[in-house]
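Q: Fold the stuff below for me.
(chains A and B, ligands or ions: 2)
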2 protein chains.
Amino acid sequence: MRNLFNKSKKSHVNLVEQDVEVTMNVDEDSSFGKQLQMVYLTKEDLIVLKQIKPWVVENIEEIVKQFYKNLEFESSLKEIIEENSSVERLKKTLIIHIQEMFNGTIDQQYYEKRKKIAYIHFKIGLEPKWYMCAFQDLMNSLLKVLNENISDKSYFYKAVSATTKILNVEQQLVLDAYQSEVQQAH
Amino acid sequence: MRNLFNKSKKSHVNLVEQDVEVTMNVDEDSSFGKQLQMVYLTKEDLIVLKQIKPWVVENIEEIVKQFYKNLEFESSLKEIIEENSSVERLKKTLIIHIQEMFNGTIDQQYYEKRKKIAYIHFKIGLEPKWYMCAFQDLMNSLLKVLNENISDKSYFYKAVSATTKILNVEQQLVLDAYQSEVQQAH
Ligand code: HEM
Ligand code: HEM
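A: Ligands and ions are numbered 1, 2, ... in the order given. Predicted coordinates for the structure are as follows:
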């Protein structure tokens, strides 16, 4: 794994005859660096994520619409949203957020931004179990989009693998933010 | 979704010309019932999980070996294991635990057992972020096994979809157990 974490800011790797520029700029000895290594998130995964981004972008309205529709199962979630924001406003931020996961860049800024967003959810009282449900709704939508757009099984496997990893990393950051807040509060 | 939660204990559904018996016996108005609905975990998913179980069983030794090898990235995890148990002992329980995820049964007992295991991890001080990394390691191994054994893309999609859902449910239960403990402790 070590060589995947070289310190150069940008790197070019060939895959499926395409030149795709990705950035993995994380200190490999930091906790976050270790977390990335433990889930085997590599530059190859970042390339795949960037390659499949157009399909995510194409379907983003539908993905986000489904996301907020799904929250209606649990009335307390609707209430949290109404008290703190509005579905219309949140849709806009979520559209940006999801697309960024497919930018092919993981660095300190990516890390900080995600941690901050997790804190916001902790503060509005969103329970981790519902947070996880929301992630799975996203996963369901993304798998559907990938399935509809990729016919080659071997590439579909790569796309699915990379997508599960980047969503898992997101969950790690969320939970770590919750954990830090709990520890500080008590 | 409602009809997927009918109250009969067992049901037979045909899929890929096979008769597979699965059980989804959860009160749909309970929090857990809502969680299952929010991730769209259906009886069809349980059937697929039961169908792919043989491949998981066939590769279980390798999956579990990789699982504990992966924990070596973070020395504190090794220490937690040595202080509380041993890799050899844990391998045995993990083998059972993973296989159960593919039994095609979700009921109160499944729920209780998983919550109890989550509490155990909370008590030994396992941080949620490492727990999540371990889940992704499992996901990586399972995707690899599925990819190697399923050539049909459409069935591979179904298998992947069901697998991401059952792992997500597991994560929900883990986090909820952690959350309850934190709330009780303070
Ligand atoms: C996959 C899970 C989720 C993602 C990726 C996500 C993403 C985001 C993002 C990007 C923001 C904007 C933060 C900012 O202002 O910079 C946000 C805010 C917010 N989210 Fe979520 N969210 C998720 C789940 C949920 C759920 C399940 C709820 C249900 C209650 C929720 C409720 C809110 C609310 C109320 C805000 C506004 C908070 C405020 O501005 O004070 N989110 N979310
Ligand atoms: C996907 C994640 C994991 C699963 C599914 C899992 C599963 C299990 C199961 C089934 C048991 C047996 C509980 C019992 O005695 O009934 C157990 C115990 C244990 N696990 Fe895990 N585990 C996971 C992650 C981890 C990690 C990352 C560590 C690293 C420190 C860990 C350390 C332990 C220890 C030390 C015990 C024994 C606790 C005791 O008996 O006091 N587990 N785990």
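
Q: Lowest-scoring secondary structure element of chain A by mean pLDDT?
A: strand A:11-15 (a mean of 40; mean pLDDT, DSSP states H and E).

Q: need the next SSE after it, C-terminal direction.
A: strand A:18-25 (DSSP states H and E).

Q: So for that following strand, mean pLDDT?
A: For strand A:18-25, the mean pLDDT works out to 89.

Q: Neighbouring strands - and their directions - for it?
A: Its sheet considered, strand A:18-25 pairs with strand A:11-15 (antiparallel), strand A:105-107 (parallel) by DSSP bridges.

Q: and A:Lys144, how many neighbours does it have?
A: 16 (other CB atoms under 10 Å in any protein chain shown). Placement of C-beta: from N, CA and C, glycine included.

Q: gap between it and A:Ile80?
A: 26 Å (CB to CB, to the nearest Å).

Q: same thing with A:Tyr68?
A: As judged by CB to CB, A:Tyr68 and A:Ile80 stand 12 Å apart.

Q: Which single residue of chain A ends up nearest ligand 2?
A: A:Met38 (9.4 Å; CB to the nearest ligand atom).

Q: which residue sits closest to that residue, ignoring its sequence neighbours?
A: B:Cys133 (4.1 Å; CB to CB, 6 or more residues apart in numbering or on different chains).

Q: Next, the contact list for the one you found, please.
A: A:Gln35, A:Met38, A:Val39, A:Asn168, A:Gln172, B:Asn70 (CB atoms under 8 Å, 6 or more residues apart in numbering or on different chains).

Q: name the element the fourth one belongs to?
A: Secondary structure here is read from DSSP H and E; on that basis A:Asn168 sits in helix A:153-185.

Q: average pLDDT for that helix?
A: 92.

Q: Summarise which helices and strands it is packed against.
A: Using 3 or more CB pairs under 8 Å, 6 or more residues apart in numbering or on different chains; DSSP states H and E, the elements in contact with helix A:153-185 are helix A:31-38, helix A:43-58, helix A:108-123, helix A:128-149, helix B:128-149, helix B:153-185.

Q: contacts for the third one?
A: Helix A:108-123 is touched from outside by A:25-26, A:32, A:97, A:100, A:131, A:170, A:173-178, A:181, with contacts defined as CB under 8 Å, 6+ apart.

Q: Also near ligand 1: which of these, exactly?
A: Restricting those to those near ligand 1 by CB under 6 Å from any ligand atom leaves A:His97, A:Tyr131.

Q: Out of the contacts of helix A:108-123, which end up buried?
A: Among these, those scoring as buried are A:Asn25, A:Val26, A:Phe32, A:Tyr131, A:Glu170, A:Leu173, A:Val174, A:Leu175, A:Asp176, A:Ala177, A:Tyr178 (criterion: 16 or more other CB atoms under 10 Å in any protein chain shown).

Q: what's the spacing between the helix or strand hosting A:Arg89 and its chain's center?
A: Using DSSP H and E, A:Arg89 sits within helix A:87-100. Put simply, helix A:87-100 sits 12 Å off its chain's centre (CA atoms, centre = their mean, to the nearest Å).

Q: Run through who's touching that helix.
A: A:53, A:56-57, A:60-61, A:63-65, A:67-68, A:81, A:110, A:117, A:138.

Q: Just flag the most distant two among those residues.
A: A:Lys53 and A:Ile81 (27.1 Å; CB to CB).

Q: Could you report the pLDDT at the closest residue to A:Glu61 other than its chain neighbours?
A: With CB to CB, 6+ apart as the criterion, A:Glu61 has its nearest non-adjacent residue at 7.7 Å, and that residue is A:Ile95. Per-residue confidence (pLDDT) for A:Ile95: 98.

Q: Number of residues surrounding A:Ile95?
A: 16.

Q: quick one: it from B:Phe135, how far?
A: Counting by CB to CB - A:Ile95 and B:Phe135 are separated by 27 Å.

Q: can you check A:Tyr155 too?
A: Taking CB to CB, one finds A:Tyr155 at 24 Å from B:Phe135.

Q: More neighbours: which of these two?
A: Neighbour count, other CB under 10 Å: between A:Tyr155 and B:Phe135, B:Phe135 has more, with 20 against 17.
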